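Chemist: output the structure for:
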Amino acid sequence: MASEAIIDLTPENFIQAVQMLYHDNDSTRKKFASEWLLNVQSSLYAWTLTDQLIRMNGNPEVTCLSAQILRHKIQHNFDELPFEHCKALCDSMLDHLSRPDVTKNQLVRVQLAVATADLALQYVGWEKPVDDVVDKLKTSSEHMLTLLEFLSALPEELNTSTIHIGENRRRQCTEKYSTSGPQIHEILLYLLQLNHMHEPILIAILKCFSSWIMIRSFDETLLLQSALVAMILEILKSNQCSNDLNKVACNCLCNMLELCEDYQAYYTLTVTLKNQINGCFRDPYFQAVKEENLDKAQNYSRIYSCLVETLLDCIVDGRYSDLSDLSCIELLLLPVEHTDYEVVQCTFCTWYKLSELLQSRSEEMSDKIKPYIERLIDILCIQSKLDSDHLGIPPEAKPSSKNSDFGEFRYRVACLIKDVIYITGALNCFRRMFDKLQTIQINSASWEESEAPLYIMSAVASYILPEEDEVIPKVVQAIVTMSSHVHTSVKYTGIKLLGQLDEWLAKHQQYIKSVIDYLLSILVDQDLRSVSAEAILTICSQCRKQVLDQIEKLMQATLWLDQTAPGSEATLSLLKASSKLISRLSSTDEISHYLNLLFDRQREVLSQLISVQSDGNYGAIIKRLDSLTAIFRYLDFKISSSDPKPHPCIHIVQQLWPLLETIILRYRSSGKVSEFWSRTIRFILRSMGFKAKVFFEPIVKLVLTSYDENPHSCFLYLTSVIVDEYGDEKDLRSNIIAMSEHLATKTFALLAGSNGFKENPDVVDDFYRLAARLLQRCPLDFLKSNLSRPILAHVVNNCHLEHREASASMMAFLQSLVKLTSTPSTTTNNNNNHGHNSTSHKSHHHDKSYSVEQTQLSIKLCDEYFPDVILSIIKAVSQGLPYQARICMAEFICDLKIYIPEKFCLWLKNALLHLPREHKQIEIVTIKQQEAFYSSLCEADAQPVDIDYAFAKFANLYR
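Modeler: Prediction:
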């Protein structure tokens, strides 16, 4: 079919488009067909067109896609359908479901069942959908699977956020259908009697039963007497059933266990299920392990986990003797011993929950659980063991690393152990693992037997008090005297352990020299140099003064590695470590000497790279920029701005500047080079602070010309750093405002259009960070400029943006503005600098004298824009923003309540009047609920977390 023919929305064209999509070999035509069908889905005509195509049922692919589009329309575009047309749609859906020739296709059957369920939940005029569907389909055995599919879909859709019916309608439907339990149970029993030997029907029956358990449709008496429950338990006790049947039975049982968290309503059922699982579910698990049936093993692991989570409160506080014994903890240890770490990980979430609950309980209960946690750690130690034929370093939890799945597992093991270690005590665990190591050495066991306990020790080492002086000295001595013939993985884990002992080394200086010497000697090993350099950096960061006498050796190693492996992780770590030590030298001559050693190499290599103009230099130049960044980032000389002496780095930067200028002028078309260049300049400014003021004009000039040519967000970020460092300088403020206005012109053009903010979130993030810094450093100049109003107008139109950092920057800008309106009436913990830009090292507003003009301008802007901002925020919240965006808005609301509480309450009240309270005869939000939301936000002592909770609750009314 020619592309031009797909113009009119007709059944014939739809059929041809489907044919083209699935069977045409031309990728261009396939893409065209896909886009055309998406346009069909978004059109109003899709309602009638898909209904017509399903009735025609001429082609399975066409019917399936039509059913899928119809389901999508009901789920996501139900607002398009006039209320008076809903009854006709109900009748049509019932007709479709009752046609065996249509529903014999499973995909079509599922789509139509889900669509009908969604329609029943959204259309208030359909009073008895369950009765109507049952009456329509009970006449023939051909309809059994269709009936079960619908009955399964109804509670499932009610329990998900797929359709946005609002909390009130959801609660109304839950109450309505939860009373249908006996009716559903009878239907399922009837179907079971007719088809007890037919597994597909049996699976559908149990799936349906499981769905209705989720909405608490069955009371305890019914469940205790139910033949379905008895059958579920028998299936799970049996070794003969299929994996599919075992899984659906497992789902049913786990849903019942979730019910049992309400002990008062389901006490007898809880005791019954606990006894059944404890008494009868061990052998089936062992049989699944024996048969290497991973699916069934995971199902039983899930049952054990659900049982423990159901009984957690009873286990921890001892309530109800029938439920508080620790036998289920014993069950939970079984999957931890499984040979497949996917099964092992099934239990991790439950161990976390147990640990969290124990933290708030008595030590007596922790002591009772302690033996189980010790066994857990012992088993995890065995599970973390590497294969004997493993070569090189242990696998890491990184996507690019070899065996990263097992590396991820080991990482999760370490995280879990860190979470539960308070129960056994870190030193106790460390000592027990060390005892294992000694036993292994006596028995001359293989290397992998030694590496596993060493790995566990590295996980808990940082939790041991630095005063410990019995076990750790032996461990340190054993590592630093390790034979060169020891397996690389053992050395690697030992080095990681040394890095974790940084606080201990700070208290035991006598071991520092031997540790540093050992780590430096390891640098020649390419496999180990990265972890060794990382350990050196950690120790130098914690023990700067204690390591100063090692600086000469460290500098030699750094320069050697920088020449051998420039830009590598190991090299960067040593550059950082050297910078940290140089910053604490007291002698000016020594500082100058070591700085020259570090920078001469960088300057020399950069000069060579720039002398040859080639695109192939990108990578090498980036490495050198990264090295410069590493040095300046960790140089933190304690120099006061009032100190007349020049900064130790001033001459070095002057020598570097021609090279840095050439790099950005030549390579600024490359976003990556621009980003690394900006980071280097940023940390030069941060390191030197006020002393780098001499570089203000040349940096600004380069930033402006580079942003004009390549509007990369990194230049905006760098500008915000410039403003942060020099915004307080009166002689630079006019230049700063001019620079910002120049950047804003290009930025506004980039963000223009309906999706400008969504398509450029990094630019939004860094631009509003810059705007917030302007308010914090030179507020009056900014408020009098032409920048403030368009920046605020863009916020009003884009509060719905879901990008975490971009949204946070916009809200931080608003917070900075609102703080200029007045001095807060209180200095309680409400004024806690919620915004991520408020943590700057200078606080302009409280350091400057009170400015009447500044206050008047900021109040005027707030009065002009904040009513619309509040309305935009409330609308965005009601549409379902993610937590990361909501919490930033909650922090802004808190600041509004501190600085202008009366106006905020008025703006909020007016904003709520613009939100719909009813739709298609469904009450979305009651007056009482709206008033409760208003009160929650206006409460004087409400914190951001409280406001976010109110936001989430309010959003549920609309979702």
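
Chemist: can you give me how far stretch 598-605 is from the chain middle?
Modeler: Centroid separation between stretch 598-605 and its chain, computed with Cα atoms, centre = their mean, to the nearest Å, is 40 Å.

Chemist: can you give me the buried ones in that stretch?
Modeler: 598, 599, 601, 602, 603, 605 (16 or more other Cβ atoms under 10 Å). Quick note: C-beta positions are derived from backbone N, CA and C, even for glycine.

Chemist: quick one: these as JSON lines, columns for secondary structure, distance to residue 954 and pLDDT too.
Modeler: Shown next, in JSON lines, are the buried residues of stretch 598-605 (DSSP: H, G, I helix; E, B strand; the rest coil; distance: Cβ to Cβ, whole Å; pLDDT from 0 to 100):
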{"residue": "598", "secondary structure": "helix", "distance to residue 954": "56", "pLDDT": "94"}
{"residue": "599", "secondary structure": "helix", "distance to residue 954": "56", "pLDDT": "95"}
{"residue": "601", "secondary structure": "helix", "distance to residue 954": "59", "pLDDT": "92"}
{"residue": "602", "secondary structure": "helix", "distance to residue 954": "55", "pLDDT": "94"}
{"residue": "603", "secondary structure": "helix", "distance to residue 954": "58", "pLDDT": "94"}
{"residue": "605", "secondary structure": "helix", "distance to residue 954": "58", "pLDDT": "93"}
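
Chemist: export those as JSON lines, with columns for distance to residue 719.
Modeler: Below are those laid out as JSON lines (distance: Cβ to Cβ, whole Å):
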{"residue": "598", "distance to residue 719": "28"}
{"residue": "599", "distance to residue 719": "26"}
{"residue": "601", "distance to residue 719": "30"}
{"residue": "602", "distance to residue 719": "25"}
{"residue": "603", "distance to residue 719": "26"}
{"residue": "605", "distance to residue 719": "29"}
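
Chemist: ok, residues contacting whatever helix or strand residue 630 lives in?
Modeler: Taking DSSP states H and E as the criterion, residue 630 maps to helix 618-634. Here helix 618-634 makes contact (Cβ atoms under 8 Å, 6 or more residues apart in numbering) with 562, 566-567, 571-572, 575-580, 583, 598-599, 602, 605-606, 609-610, 649, 656, 663, 667, 670, 672-673, 676-677, 679-680, 683-684, 686-687.

Chemist: please pick the buried ones from those.
Modeler: Here, 16+ other Cβ under 10 Å leaves 562, 566-567, 571-572, 575-580, 583, 598-599, 602, 605-606, 609-610, 649, 656, 663, 667, 670, 673, 676-677, 679-680, 683-684, 686-687 buried among the contacts of helix 618-634.

Chemist: can you name the residues in contact with the helix or strand harbouring residue 406?
Modeler: Using DSSP H and E, the element containing residue 406 is helix 404-424. With contacts defined as Cβ under 8 Å, 6+ apart, helix 404-424 is touched by 341, 344-345, 348, 351-352, 354-355, 358-359, 366, 369-370, 373-374, 376-377, 380, 383-384, 394-398, 401, 429, 455-456, 458-460, 463.

Chemist: narrow the contacts of helix 618-634 to those in helices?
Modeler: Members of these lying in helices (criterion: DSSP state H): 562, 571-572, 575-580, 598-599, 602, 605-606, 609-610, 656, 663, 667, 672-673, 676-677, 679-680, 683-684, 686-687.

Chemist: any low-confidence regions in the stretch 801-950 of the chain?
Modeler: 823-850 (pLDDT under 70).

Chemist: how about the helices in it?
Modeler: Assigned by DSSP state H, counting those that start in this stretch, the helices in the stretch 801-950 of the chain fall at 804-818, 844-847, 852-878, 883-899, 901-913, 927-938, 944-958.

Chemist: can you redo the ones you listed as a markdown table, where the extra columns are mean neighbour count and distance to residue 448?
Modeler: Compiled in a markdown table, the helices of the stretch 801-950 of the chain are given as follows (neighbours: other Cβ atoms under 10 Å; distance: least, Cβ to Cβ, whole Å):
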| stretch | mean neighbour count | distance to residue 448 |
| --- | --- | --- |
| helix 804-818 | 26 | 42 |
| helix 844-847 | 13 | 58 |
| helix 852-878 | 19 | 53 |
| helix 883-899 | 23 | 42 |
| helix 901-913 | 16 | 63 |
| helix 927-938 | 15 | 56 |
| helix 944-958 | 19 | 46 |
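
Chemist: tell me how far residue 938 lies from residue 897.
Modeler: Computed as Cβ to Cβ, to the nearest Å, the residue 938 to residue 897 distance reads 7 Å.

Chemist: lowest-pLDDT helix or strand in this protein?
Modeler: One helix or strand of the chain scores below all others by mean pLDDT, DSSP states H and E: helix 844-847, with a mean of 44.

Chemist: so what's residue 594 closest to, chain neighbours aside?
Modeler: residue 582 (4.9 Å; Cβ to Cβ, 6 or more residues apart in numbering).

Chemist: list the contacts of the one you found.
Modeler: With Cβ under 8 Å, 6+ apart, residue 582 has these contacts: 551, 591, 594, 595, 598, 635.

Chemist: could you tell me the model confidence score at it?
Modeler: For residue 582, the pLDDT comes out at 95.

Chemist: and it, how far from residue 635?
Modeler: In terms of Cβ to Cβ, residue 582 sits 7 Å off from residue 635.

Chemist: does residue 70 touch residue 51 like I think?
Modeler: Yes. Counting by Cβ atoms under 8 Å, residue 51 is a contact partner of residue 70 at 6.8 Å.

Chemist: which stretches of this structure have low pLDDT?
Modeler: 1-7, 397-403, 641, 823-850.

Chemist: what are the boundaries of the strands in it?
Modeler: 918-919, 922-923 (DSSP state E).

Chemist: tell me the strands beside the last one, with direction?
Modeler: When sheet partners are counted by DSSP bridges, strand 922-923 sits next to strand 918-919 (antiparallel).

Chemist: hmm, who's touching the partner strand?
Modeler: With contact meaning Cβ under 8 Å, 6+ apart, strand 918-919 is reached by 79, 924.

Chemist: for the residue of the chain most remote from its centre, give me phi and psi.
Modeler: Distance to the chain centre peaks in the chain at residue 139, reaching 49.8 Å (criterion: Cα atoms, centre = their mean). As for residue 139, its main-chain torsions (degrees, to the nearest 10) stand at phi -70, psi -20.

Chemist: if I look at it, how far off is residue 905?
Modeler: Distance, residue 139 to residue 905, using Cβ to Cβ: 61 Å.

Chemist: what's the answer for residue 607, then?
Modeler: 63 Å.

Chemist: next: residue 499.
Modeler: From residue 499 to residue 905 the distance is 53 Å (Cβ to Cβ).

Chemist: how about residue 16?
Modeler: Residue 16 is 59 Å from residue 905, by Cβ to Cβ.

Chemist: ok, now which ones touch the residue nearest to residue 539 when sequence neighbours are not counted?
Modeler: Among residues not flanking residue 539 along the chain, residue 502 sits closest, at 5.0 Å (Cβ to Cβ, 6+ apart). Residue 502 makes contact with 462, 538, 539, 541, 542, 543 under the criterion Cβ under 8 Å, 6+ apart.

Chemist: nearest to residue 300 among those residues?
Modeler: Nearest to residue 300 among the contacts of residue 502, counting by Cβ to Cβ, is residue 462 at 35.8 Å.

Chemist: count the residues that sit near the closest one.
Modeler: Neighbour count of residue 462, defined by other Cβ atoms under 10 Å: 16.

Chemist: distance-wise, check residue 414 relative to residue 436.
Modeler: Residue 414 is 17 Å from residue 436, by Cβ to Cβ.

Chemist: sorry, slip of the keys, the one I care about is residue 652.
Modeler: Taking Cβ to Cβ as the measure, residue 652 falls 51 Å from residue 436.

Chemist: between those two, who's got more neighbours?
Modeler: Set side by side, residue 652 and residue 436 show more neighbours around residue 652, with 23 against 20, by other Cβ under 10 Å.

Chemist: helices of the stretch 301-450 of the chain, start to end?
Modeler: Using DSSP H, counting those that start in this stretch, helices in the stretch 301-450 of the chain cover 327-336, 341-345, 348-359, 363-383, 404-424, 426-442, 447-460.
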